[in-house]
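Undergrad: Here's a sequence, model it:
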Amino acid sequence: MAAKPNKQNKGLSHFFAKDKTFRPKKKFREGTLRHELHKHAKATLHSGISLQDCVKLPPGEDPNDWVAVHVVDFFNRVNLIYGTVSEYCTDATCPTMSGGPKYEYFWCDGDKYKKPAAVPARMYVALLMDWIENIINNEDIFPVDKDVPFPKVFLPSAKKILTRLFRVFVHVYIHHFDKVQTLGAEAHVNQCYKHFYYFVTEHKLVEPKELEPLKIMTEKICL
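TA: Numbering: from 1, shown residues only. A predicted model of the protein is given here:
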């Protein structure tokens, strides 16, 4: 018997269909392996299967392909989550990219920002999304053709992307969660966070020390 769709996942799908992204969504080209994997991952997510099972590598699939698909998916989802609160995240309200008084994140990309620099949260997220887009659009790092092997730099790049996307969750949860609740999006954001957390811990893509800022909340909603 087929699993019945989860009502919360239906709500999640409706929320993310609003398409209020901070940056344009990144899509996979139809007919490619990644596009098929993306459709598989999306169908599994909305099938009622537990999130812990959804994030496991499907039998016979390349782990790098599975990671690449989720990096792009989480890029789109975090874009949307931040987009819902971005109007409240101003230079005045959030002069630094922080997660409460204990955590502050500095921007460094090795290009325009060669040394870690303190920037307002909104600028940090804008720089981050541009940086991620440049990486996932670079076929020397994220190859499109299934016959082209993933380079050695792929997995370190994916880990860095996911680590920095986690920092957006930190900022939203600690500084803007009242707005998330006002918008009626709490369940949807929590569901997305749980999906992200289960994926990065299942595949060991984010260092445990990076997850510390949301440890107490994570223990409540994930563990």
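
Undergrad: Do I have it right that Glu207 meets Thr163?
TA: Yes - judged on CB atoms under 8 Å, Glu207 makes contact with Thr163 at a distance of 7.2 Å. The C-beta positions use only the backbone N, C-alpha and C, and glycine is treated the same way.

Undergrad: Give me the neighbour count for Gln191.
TA: By other CB atoms under 10 Å, the residues close to Gln191 number 21.

Undergrad: Can you give me every residue that contacts Ala118?
TA: 96-97, 104, 106 (CB atoms under 8 Å, 6 or more residues apart in numbering).

Undergrad: now, which of the residues you listed sits nearest Gln181?
TA: Comparing the contacts of Ala118 against Gln181 with CB to CB places Met97 closest, at 21.8 Å.

Undergrad: which ones are touching that closest one?
TA: Met97 makes contacts with 104-107, 118-121, 124-125, 167, 171, as judged by CB under 8 Å, 6+ apart.

Undergrad: Closest one of the residues you listed to Phe196?
TA: Checking the contacts of Met97 one by one against Phe196 (CB to CB), the nearest turns out to be Arg167, at 11.9 Å.

Undergrad: and that closest one, how many neighbours?
TA: The local packing of Arg167 (other CB under 10 Å) involves 21 other residues.

Undergrad: same check, this time on Ile132
TA: When neighbours are defined as other CB under 10 Å, Ile132 has 24 of them.

Undergrad: and it, how far is that from Ser50?
TA: Counting by CB to CB, to the nearest Å, the gap from Ile132 to Ser50 is 28 Å.

Undergrad: where does Asp140 fall, phi/psi-wise?
TA: For Asp140, the backbone dihedrals (degrees, to the nearest 10) come out as phi -80, psi -20.

Undergrad: Lys152 is in contact with that one, correct?
TA: No - using CB under 8 Å, Asp140 makes no contact with Lys152, being 11.4 Å away.

Undergrad: What are the boundaries of the strands in the protein?
TA: 97-98, 104-105 (DSSP state E).

Undergrad: winner for burial among these?
TA: strand 97-98 (a mean of 23; mean count of other CB atoms under 10 Å).

Undergrad: Tell me how far Cys94 lies from Arg122.
TA: 7 Å.

Undergrad: For this protein, give me the ranges with low pLDDT.
TA: 1-48 (pLDDT under 70).

Undergrad: where along it do the helices fall?
TA: 7-16, 33-45, 51-54, 63-85, 121-136, 154-175, 177-182, 186-202, 215-221 (DSSP state H).

Undergrad: need those in JSON lines with distance to Tyr113, can you?
TA: Putting those into JSON lines (distance: least, CB to CB, whole Å) gives the following:
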{"stretch": "helix 7-16", "distance to Tyr113": "31"}
{"stretch": "helix 33-45", "distance to Tyr113": "30"}
{"stretch": "helix 51-54", "distance to Tyr113": "35"}
{"stretch": "helix 63-85", "distance to Tyr113": "20"}
{"stretch": "helix 121-136", "distance to Tyr113": "8"}
{"stretch": "helix 154-175", "distance to Tyr113": "13"}
{"stretch": "helix 177-182", "distance to Tyr113": "28"}
{"stretch": "helix 186-202", "distance to Tyr113": "25"}
{"stretch": "helix 215-221", "distance to Tyr113": "28"}
